[in-house]
Every structure is written in structure tokens, then in C-alpha cells.
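Please find the sequence and the predicted model below.
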Amino acid sequence: MQAYRIVEWGRPAEFVDVPVPLPGAGEVLVRMKGAGLCRSDLDMIDAAPASQPYAAVLPAGFTLGHENAGVVEMVGAGVTDLAEGDGVVVHHMHSCGHCEFCHEGHEQSCRTFARGAIGMTRGVGIDGGLAPFMIVPRRELVALGALDPVMVSPLTDAGVTSYRAVKSVLGRLRPGSNAVVIGLGGLGAYAVQFLKLLSPATVYALDRSEARLADGRRYGADHVLLSDNRAAETIMDLSGGRGADAIIDLVGTDATLALAATVSRPHGRIVLVGLEGGSLRAGWGSLATTCEFAVSLGSTRADLREVCELAAGGKLIIDLERFAFADVEAAYAKLRAGLLTGRAVITFN
């Protein structure tokens, strides 16, 4: 079969012929239906040899694609609760199941597969979904029932990563509270929706793109604002000087983190998800008193199941643009140029 792979760091990804894998004990061979594309794929494709965070810690020679859903093709020994043709969605984090964090239900922090600041998973150091077939441990699959695998594939990273970040701030969001989402790309679209579904907060959505601000209104944001040098002042004015009880930064530049610090109120919480390499100055006078700062990575399998249940209930707007597997490079080019309508999803016959 053909697979779209990182063959060598510093060299463009390419189609390569590889054998169809066979499932071992406790594993499932998934026939791919939908594979979402992510900006982190571009970071890997563009990575120079030995560069952080990917090329310095991961050996090249793996298939891209970490937003994956499909149907069961074959099961390995010991898998008794799935059958050929069942729809499944793949948890985007790979976990050992036996380290301290896995035992505590924090498999996104699994130490066995941690490599520097990232974790090895399908499409990131381990063969992912940009191929017709993929092997997945049974414990990392969620059965889909009647849900369309193509439609839910973006939920496996963009959806659940933002869901995990939103869940971490819910304790601060009471009637009269305010939440800010910075960045309305693939993750921000879901962060706004989850905040409106799960909390009583007034939601402010920020982006540099006017088109995305229109999307923010469609996702349910109460206020949509350009992310410019007046954004903090506008938030404070609109909130009557209260500021934000929770800020989810899905960009992660120096400027967006500084904005988060400016609008956070005492006992607020700033959650960084974006990977743009910015930093936040912390200390007396630079953050509101008792404000918390957290870096949120990935999600748990429980998060994925809960997000799929919301989708099954028709509660999520899932915007995607479909591309045939043969057109994966065109899809990445459109992602790179910022021309997509929703998440790019590669589909397979």
C-alpha cells in the first residue's frame, strides 16, 4: 500500500510503498476512512535535522496522520468486542497503560512514550493514518456506532485537545463569569462550542482573521474581537472591568500570552495549548494574584468518548474540507496557505 511518510528529516514528506501490517495480540487493523491534517504535521514536514521539538527526539521513517477514524478490518488475538466493519475512532495519544500517569488516568502524560516535550503517537514517530490501513491497540479505540468516521476524525485531536483545556477551567466558570478563547482555527472552533455547551460563561473569541470572527459567532461566541493591540482594553470595557476568569490560548505567541496575562482576573486560569513558542513572564506584578498558568497537552480516552457522545447528540458544528488520499499534498498546501474551510480531512475509498 502507499503511505505518506517522513522519510528523512529536512526532506519533504513523500508517498512510499509499505506492506499492509497485521494485528498482533490485543491490536486492531483499521481500514482508514478519514484522516485529519494539522499544522503540527507541517512543523514536522519542515523540521531541519536535529531541530526541536520533533527531529531532535524522533527517528525519521514514519507515516503521518494523527487524526484518524475508520472501520475494523481485522482483529488480533484477545480482541472480542469489535467485529469487521465496526466504525472506530482512534485516540490521538499513545500510552503504555502501566506507568504512573496511565494508572491515574492521565495517559496523555504517559512517560513510556514521552520524548522531550512531546509524546510519540501515531503520526508522530509511530505510523499514522495517511495510509489505507493502520494498526492500533484495542484500548486506544472508541467505537463509533452510527457516527460517520470521516466527520468525527477532526475530533480526535482538534476536538479533544480543546475539550481537555476547557474541562480544566470549568471550576472557575460560574454565572456572570467570562472566558476568552484566543485563536479560532481548528481547535478554537471547538473550544468556543465546548465553553457554551458546558458552562454559563460569557465567551469572548479572538482572532486576527475577520472571516474566522464570523465563524466565532456561528460557533456561539458572545463577543468576537480582532486580536490586536486594543483587544485587552476592549475585553475589559465589555466586561465592565471584571476581566476573564479563564483564558485558553490556542496560539501561544509572546503577544497572545501577554494579552492573557493582562485580562486575567485574580483566581483566573490561563491555559496554553498553542505551540508558537511564546513565553509568559510570571511573578509579582506580571500576573493577577492567585492566577494559575497551565500548559495543556492532548487528552484522555474518556475525553474522546465524551466528545463523540456530544457529536452523536448533534451538539457540535464540525466544519471540514474533504480531499482524496492522492491529493494529500494539495491539502497540505491549502492548510499552509490558510485557505481551508474547516479542518482538512483525507478520505479513502
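Structure received. Residues are numbered from 1 along each chain as shown.

For the stretch 1-150 of the chain, just list every one of the strands.
Applying DSSP state E, counting those that start in this stretch to the stretch 1-150 of the chain gives strands spanning 2-6, 14-17, 27-36, 62-63, 67-75, 87-90, 114-115, 118-119, 121-122, 125-126, 133-137, 141-143.

Could you list every helix and strand in contact with the fifth one?
Other helices and strands packing on strand 67-75, by 3 or more Cβ pairs under 8 Å, 6 or more residues apart in numbering; DSSP states H and E, are strand 27-36, strand 87-90, strand 133-137, helix 149-152. Glycine gets a C-beta too; all of them are placed from N, C-alpha and C.

With Phe101 as the reference, name the closest of those.
With Cβ to Cβ as the criterion, Phe101 lies closest to strand 133-137 of the helices and strands packed on strand 67-75, at 16.7 Å.

What strands line up against the closest one, and which way round?
strand 27-36 (antiparallel) (DSSP bridges).

Can you check what angle separates the partner strand from strand 67-75?
Calculated by axes from the mean of the first three to the mean of the last three Cα atoms, to 10 degrees, strand 27-36 forms an angle of 150 degrees with strand 67-75.

How far off centre is strand 27-36?
18 Å (Cα atoms, centre = their mean, to the nearest Å).

Counting neighbours, which bits of that strand end up buried?
27-36 (16 or more other Cβ atoms under 10 Å).

tell me the angle that strand makes with strand 2-6.
70 degrees.

could you give me the average pLDDT of strand 27-36?
Average pLDDT, strand 27-36: 98.

low-scoring pLDDT stretches of the protein, where are they?
Within the chain, not a single segment meets pLDDT under 70.

now the helices for the stretch 101-250 of the chain?
Using DSSP state H, counting those that start in this stretch, the helices of the stretch 101-250 of the chain run over 149-152, 158-167, 186-198, 210-219, 231-238.

Now distance to Ala261 too, for the strands of the stretch 1-150 of the chain, in a markdown table please.
Shown next, in a markdown table, are these (distance: least, Cβ to Cβ, whole Å):
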| stretch | distance to Ala261 |
| --- | --- |
| strand 2-6 | 36 |
| strand 14-17 | 43 |
| strand 27-36 | 32 |
| strand 62-63 | 37 |
| strand 67-75 | 31 |
| strand 87-90 | 36 |
| strand 114-115 | 28 |
| strand 118-119 | 25 |
| strand 121-122 | 31 |
| strand 125-126 | 33 |
| strand 133-137 | 40 |
| strand 141-143 | 37 |
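
and Val30, bridged to which residues?
Applying DSSP bridges to Val30 yields these beta-bridge partners: Val72, Met134.

For the closest residue to Val169 other than its chain neighbours, list the residues it contacts.
Distance criterion Cβ to Cβ, 6 or more residues apart in numbering; nearest residue to Val169, sequence neighbours excluded, is Ala246 at 3.6 Å. Contact analysis of Ala246 by Cβ atoms under 8 Å, 6 or more residues apart in numbering lists 169, 172-173, 177-180, 201, 268-269, 271.
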